[in-house]
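S.K.: I need the structure of the sequence given here:
(chains A and B)
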Amino acid sequence: MYNFEFEKPASIADAVAALGDEDAQALGGGQTLIPTLKQRLASPSKLVSLTGISEMQGICMDDDGRVCIGGASTHAAVAEGASAYPALAALAGGIGDPAVRARGTIGGSLANNDPAACYPAAVLASGATIFTNAREIAADDYFQGMFTTALDEGEIVTEIKFPVPEAANYQKFEQPASRFAMVGVFVAKFADGVRVAVTGASEDGVFRWAEAEAALSANFSADALADMAPAADGMIADLHGTSEYRAHLVGVMTRRAVAAAS
Amino acid sequence: MSQVKMTVNGKEMSGDVEGRTLLSQFLRDTLGLTGTHVGCDTSQCGACVVHVDGQAVKSCAMLAMEADGAEVATIEGQAAPDGTLNTIQQAFQDHHGLQCGFCTPGMVMSTAALLKENPKPSEAEIRDYLEGNLCRCTGYHNIVKAILAASGQDVSALAAE
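M.R.: Model (predicted):
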């Protein structure tokens, strides 16, 4: 790993100031960034740790009934603390392994937007809102392709607010070596319709499966999706599975999520 | 270089580190605590698991400076000062929960974290919790057995090795 300076500010304002330096980079729990640095795939001049900022920690409910999660909350904290949104807590408890969950953060995962990460599916399916030091961003506008988000340079995910659906479930088919999602599907049923978000499958990163949403909004049952799968065009193909295999898995995992949620 | 201070196995320790120094490097190279093993250095294998402020973490995926001021527990602090093994270590020995022993420090530290959270885990819960600890000798069966024994549970239900 190339060397860098390290700073651990105690407030969002100080972190934003520290990130103003050229080639400075925010550090969440480091469970993706540190391995990336070891491979010399990134060479920041300075890492700004966000884990010492108490205003970015913790889980609560707001007056609109949304579950609000500080951007520096670890996966373990969400698994334990987001009991008002059980499908989200279960998703957090299934990321990586216990030691990874003790360090990795929701804000770090969302800023990275790995195409096989779990959290983007929950955020997009829930229609959550991402709060940064500068603004709020709707989930539908936030994810902009593999490892690409609406965040500007130096912008920090400070909090995520999740509306709680009437019913929801996340189903992950793990890639057996990395245990990342080969395909993960989050289904969320709200009074005004169903949202379905898919991670792991597409070359464009997390996406909403509109056909399944329409079918499930009319009839929230796995039968409503019989034999349905998205087009294989644009699905990831690698040594673990072809694009056709992943497209098929999206249908299977969506049906499982609906069956588990209903 | 910057100085970091942390409490390691109950003792105040300090040393000079670079920004890029990993906690695993600081423990092994600066403090000489080589019981924390580095197997893969890609945060997959779990041989480097230590506790930071009571939570099991992979010390190869954490910077030493991130642990500045923290309470760190490593395998060296598990046995009593006279060398008497703790319950978990003794169970690993009694049930042959190790072959080459390389993964064992991480296995023991993960087990300690598991039993603090869940004092009587089922076999399935043990296997699930150890997802991030790899054993190249494929000794999982006896590791699971040792953890059941360490938690005071009957191991006879688990098929003989």
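S.K.: Where does the stretch 1-150 of chain A get nearest to chain B, residue-wise?
M.R.: Among the residues of the stretch 1-150 of chain A, residue A:97 lies closest to chain B, at 2.7 Å counting by Cβ to the nearest Cβ. For the C-beta atoms, the positions are set from N, CA and C on the backbone; glycine is no exception.
S.K.: Contact partners for residue A:26?
M.R.: Residue A:26 makes contacts with A:15, A:19, A:47, A:48, A:50, A:111, A:154, A:156, as judged by Cβ atoms under 8 Å, 6 or more residues apart in numbering or on different chains.
S.K.: whoops, I mixed them up, residue A:124
M.R.: Neighbour list for residue A:124: A:139, A:140, A:143, A:186, A:195, A:197, A:206, A:207, A:208 [criterion: Cβ under 8 Å, 6+ apart].
S.K.: Tell me the first helix or strand C-terminal of the helix or strand hosting it.
M.R.: With elements delineated by DSSP states H and E, residue A:124 resides in helix A:119-126, which encompasses its position. The helix or strand immediately downstream of helix A:119-126 is strand A:129-132, counting by DSSP H and E.
S.K.: by contact count, what packs against that following strand?
M.R.: Here strand A:129-132 touches strand A:136-138, helix A:139-142, strand A:157-162, going by 3 or more Cβ pairs under 8 Å, 6 or more residues apart in numbering or on different chains; DSSP states H and E.
S.K.: Just want the residue of chain B that's nearest chain A.
M.R.: Taking Cβ to the nearest Cβ as the measure, chain B has residue B:132 as its residue closest to chain A, at 2.7 Å.
S.K.: now that residue, nearest residue through space, not along the chain?
M.R.: Nearest non-adjacent residue to residue B:132, counting by Cβ to Cβ, 6 or more residues apart in numbering or on different chains: residue A:97, 2.7 Å away.
S.K.: and the residue nearest to the spatial centre of chain B, what does it touch?
M.R.: In chain B, the C-alpha closest to the average C-alpha coordinate belongs to residue B:109, at a distance of 2.5 Å (Cα atoms, centre = their mean). By Cβ under 8 Å, 6+ apart, residue B:109 lies in contact with B:49, B:50, B:51, B:56, B:73, B:74, B:75, B:78.
S.K.: buried ones in the longest helix anywhere in chain B?
M.R.: The helix that spans the most residues within chain B, counting by DSSP state H, is helix B:104-117. Burial within helix B:104-117, assessed by neighbour count using 16 or more other Cβ atoms under 10 Å in any protein chain shown, is assigned to B:104, B:105, B:106, B:107, B:108, B:109, B:110, B:111, B:112, B:113, B:114, B:115.
S.K.: swap in stretch A:213-225?
M.R.: A:213, A:215, A:216, A:217, A:220, A:222, A:224, A:225.
S.K.: and which of these is nearest to residue A:166?
M.R.: Distances from residue A:166 to these, taken as Cβ to Cβ, are shortest for residue A:220 (9.3 Å).
S.K.: would you list every one of the helices in chain B?
M.R.: Counting by DSSP H, residue ranges of the helices within chain B are B:23-25, B:87-94, B:104-117, B:123-129, B:140-150.
S.K.: Give me the contact list for the first one.
M.R.: Pointing back at helix B:23-25 there. Contacts with helix B:23-25, where a contact means Cβ under 8 Å, 6+ apart, come from B:36, B:38, B:41, B:48, B:50, B:52, B:57, B:59-60, B:62-64, B:66-67, B:72.
S.K.: how about 10 Å then?
M.R.: Contacts to helix B:23-25, defined as Cβ atoms under 10 Å, 6 or more residues apart in numbering or on different chains, come from residues B:4, B:6, B:17-18, B:31, B:33, B:36-38, B:41, B:47-50, B:52, B:57-67, B:70, B:72, B:74.
S.K.: Identify the bridge partners of the nearest residue to residue A:131 once chain neighbours are set aside.
M.R.: For residue A:131, the nearest residue in space outside its immediate sequence neighbours is residue A:159; the separation is 4.2 Å by Cβ to Cβ, 6+ apart. Per DSSP bridges, the residues bridged to residue A:159 are residue A:70, residue A:131.
S.K.: Quick check: phi and psi on the residue nearest to residue B:125 when sequence neighbours are not counted?
M.R.: The shortest distance from residue B:125 to any non-neighbouring residue, by Cβ to Cβ, 6+ apart, is to residue B:118 (6.2 Å). The phi and psi torsions at residue B:118 (degrees, to the nearest 10) take the values phi -140, psi 90.
S.K.: Quick check: the residue of the stretch 151-262 of chain A nearest chain B.
M.R.: Sorted by distance to chain B under Cβ to the nearest Cβ, the residues of the stretch 151-262 of chain A start with residue A:179, at 7.1 Å.
S.K.: rewinding a little: return the subset of the contacts of helix B:23-25 lying in strands.
M.R.: Among these, the members falling in strands (DSSP state E) are B:4, B:6, B:17, B:49, B:50, B:52, B:57, B:58, B:72.
S.K.: near chain B, which residues of the stretch 101-250 of chain A?
M.R.: If contacts are counted using Cβ under 10 Å from any Cβ of the partner chain, the residues of the stretch 101-250 of chain A sitting beside chain B are A:101, A:102, A:103, A:104, A:174, A:177, A:178, A:179.
S.K.: surely the first one meets residue A:179?
M.R.: No: the pair residue A:101 and residue A:179 fails to qualify as a contact (Cβ atoms under 10 Å) at a distance of 12.0 Å.
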